[in-house]
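> coordinates only, sequence not included:
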């Protein structure tokens, strides 16, 4: 069974930074992908970033390119999302998710993922 748990959310001011962590278990070493998603009140859940475990290839939503960096420390079973230059539009609940057997058809689509964490809140204030 796959288990994921996020941490690291909080409140920051515009231009600030946060680093989210996703501790996971139950995934193969080199066949999975980890995705970060976010959902703001009244909006649909959207893909933010994805990293696959065979070659550490990454994908990003256009709005976060250059500001967010996804990584996966497979030796320690933890993925991270480093977020810089945050804006109020980044305010949302952030979720990590796992795709147990990654196929790069839709890496930022929630429907591609098998298991989800409970989420961590990120609030950016001006």
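Nice, I can see it. Keep in mind that this is a model prediction, so the values were computed, not measured. Residues are numbered from 1 along each chain as shown.

> Residues contacting the helix or strand hosting residue 6, please?
Residue 6 is part of strand 3-7, with elements assigned from DSSP states H and E. The contact list for strand 3-7, computed with C-beta atoms under 8 Å, 6 or more residues apart in numbering, reads 20-26, 94-98, 115-120. Where you see a C-beta, it was placed from the backbone N, CA and C, and this is true even at glycine.

> how near is residue 31 to residue 111?
Distance, residue 31 to residue 111, by C-beta to C-beta, to the nearest Å: 19 Å.

> any idea which helix or strand carries the spatially closest residue to residue 107 that is not a sequence neighbour?
Of all residues not flanking residue 107 in the chain, residue 50 sits nearest, at 4.0 Å (C-beta to C-beta, 6 or more residues apart in numbering). Counting by DSSP H and E, the element that carries residue 50 is strand 46-52.

> chain center to stretch 68-85: distance?
Centroid separation for stretch 68-85 versus its chain: 8 Å, with C-alpha atoms, centre = their mean, to the nearest Å.
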